[in-house]
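> Next comes the sequence, and after it the predicted model I'd like to discuss.
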Amino acid sequence: MARKLMIGLAGVAGCIVLFSVVVATRPPTFHVERSTTISAPPEKAFALVNDFHAWSSWSPWEKLDPQMQRSFAGTPSGPGAVYSWVGNKEVGEGRMTIEKSEPNSLVAIKLEFLKPFTATNQATFSFSSVPEGTKLTWAMDGRNNFMAKAIHMFMNMDKLVGSDFERGLAALKTQAESGANAAPAAANAAK
């Protein structure tokens, strides 16, 4: 009986070691990226991204928790603008800070998740003029610790976050093409 128990424990330990080795070999970083073309000049889409007050009109996560608490700090838009949220289990808690803003071409954001897990990622929005209007690319880059590597073995980060990016880009496209600029209205409502 003891021998069978020892063999069983050795087998479990071997599986754990093997799983740990496989997890350790997973990529240390991840990259998710989606793009769309908007039939509007870059400044239309840029204004909707560069001002966190406008995100409620297009962000895919804003609709997941109608009771989500939002706060804004720092500058009204551009570098130094901060947006924090606390919501249900679907949106968690976190903070975004615009670190870099190049008019009508780039917005770089430090994205900090506080709950249900902690992580710090970099999100970028790139805008470029194309004959059809504007090519907008939304990307996110981050590091995978051991736990994230293990989770990514069972969940496809690109598909999971990428589908959110696709919904957000479609809503942003609609906003920019409609000519509506939600930023001033949202900023006035926040006062």
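Okay, I see it.
> use CA for all of it now, contacts and neighbours both
OK.
> Run a quick check on Val161 versus Arg34, I expect a contact.
No: taking contacts as CA atoms under 8 Å, Val161 lies outside contact range of Arg34: 9.8 Å.
> For these two, indicate the residue with more neighbours.
Arg34 (18 against 14; other CA atoms under 10 Å).
> Quick check, that one in contact with Lys135.
No: contact criterion CA under 8 Å: Arg34 and Lys135 do not qualify, at 10.6 Å.
> all helices for the chain, in order.
2-24, 42-50, 146-152, 157-178, 182-190 (DSSP state H).
> Lowest average confidence across these, which one?
When mean pLDDT is averaged over each of the helices of the chain, helix 182-190 scores lowest at a mean of 41.
> Next one: the residue nearest to Asp158 when sequence neighbours are not counted from Ile7, what distance?
Computed as CA to CA, 6 or more residues apart in numbering, the closest residue to Asp158 that is not its neighbour in sequence is Val32, at 5.4 Å. In this view, Val32 and Ile7 are 43 Å apart by CA to CA, to the nearest Å.
> These two: which is more packed in?
Between Val32 and Ile7, Val32 has the larger neighbour count (other CA under 10 Å), namely 17 against 12.
> Would you enumerate the residues in contact with the more buried one?
139-141, 157-158, 161-162 (CA atoms under 8 Å, 6 or more residues apart in numbering).
> same deal with Glu93?
84-87, 113-116.
> Just these: which are in strands?
84-86, 113-115 (DSSP state E).
> PyMOL command to pick out the buried ones of those residues?
Buried residues within the ones in strands among the contacts of Glu93, by 16 or more other CA atoms under 10 Å, are selected in PyMOL with:
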select buried, resi 84+85+86+113
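> Turn the ones in strands among the contacts of Glu93 into CSV, including pLDDT and distance to Ile38.
Shown next, in CSV, are the ones in strands among the contacts of Glu93 (pLDDT from 0 to 100; distance: CA to CA, whole Å):
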residue, pLDDT, distance to Ile38
Ser84, 97, 28
Trp85, 95, 28
Val86, 95, 31
Phe113, 91, 29
Leu114, 92, 33
Lys115, 91, 33
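> No more questions from me, cheers.
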